[in-house]
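# I'd like to go over a predicted model; first the sequence, then the structure.
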Amino acid sequence: MLGEGVAQVVEATSDAERDKKLYMLAVAAFFLMATLWALSFGHGCAGVPHR
């Protein structure tokens, strides 16, 4: 999941003008994806906790 998300962000921003706003967006997108990835390990698939 994390690798696919990074690839999509790179593809979506590949033609954009590189400036500070774009870099901040990329960092925020990566942080969001990493957080969702980490939560999926803690709470399991579909929010059902591991037992």
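Now that the structure is in, tell me what you want to look at.

# chain center to the one helix or strand A26 maps to: distance?
Here A26 sits within helix 20-43, counting by DSSP states H and E. Relative to its chain's centre, helix 20-43 lies at 4 Å (Cα atoms, centre = their mean, to the nearest Å).

# going by neighbour count, list what's buried in that helix.
For helix 20-43, burial by neighbour count (16 or more other Cβ atoms under 10 Å) applies to A26, A29, M33. Just so you know, the C-beta spots here come from the backbone N, C-alpha and C atoms, and that holds for glycine as well.

# residues in contact with the second one?
So the one you mean is A29. With contact taken as Cβ atoms under 8 Å, 6 or more residues apart in numbering, A29 is in contact with G5, V9.

# and what of the last one?
Neighbouring residues of M33 by Cβ under 8 Å, 6+ apart: M1, L2, G5, V6, V9.

# now for those residues: which two are most distant?
M1 and V9 (12.9 Å; Cβ to Cβ).

# who has more neighbours, those two?
It is V9, of M1 and V9, that has more neighbours when counted by other Cβ atoms under 10 Å, with 17 against 9.

# who's in contact with the helix or strand where that one lies?
Per DSSP H and E: V9 is located in helix 2-13. Applying Cβ under 8 Å, 6+ apart, the set of residues contacting helix 2-13 from outside is L22, L25, A26, A29, F30, M33, A34, W37.

# pLDDT on it, on average?
Across helix 2-13, pLDDT averages out at 83.

# and the residue nearest the centre of the chain, how far is that from D15?
In the chain, the centroid-proximal residue (Cα atoms, centre = their mean) is M33; its distance is 2.3 Å. Relative to D15, M33 is positioned 21 Å away (Cβ to Cβ, to the nearest Å).

# cool, V27 as well?
For V27 relative to D15 (Cβ to Cβ), the value is 19 Å.

# which intervals of this structure have sub-threshold pLDDT?
1, 43-51 (pLDDT under 70).

# distance of the closest residue to W37 other than its chain neighbours from K21?
Excluding its sequence neighbours, the residue lying closest to W37 (Cβ to Cβ, 6 or more residues apart in numbering) is L2, at 4.6 Å. Distance of L2 to K21, computed by Cβ to Cβ: 23 Å.
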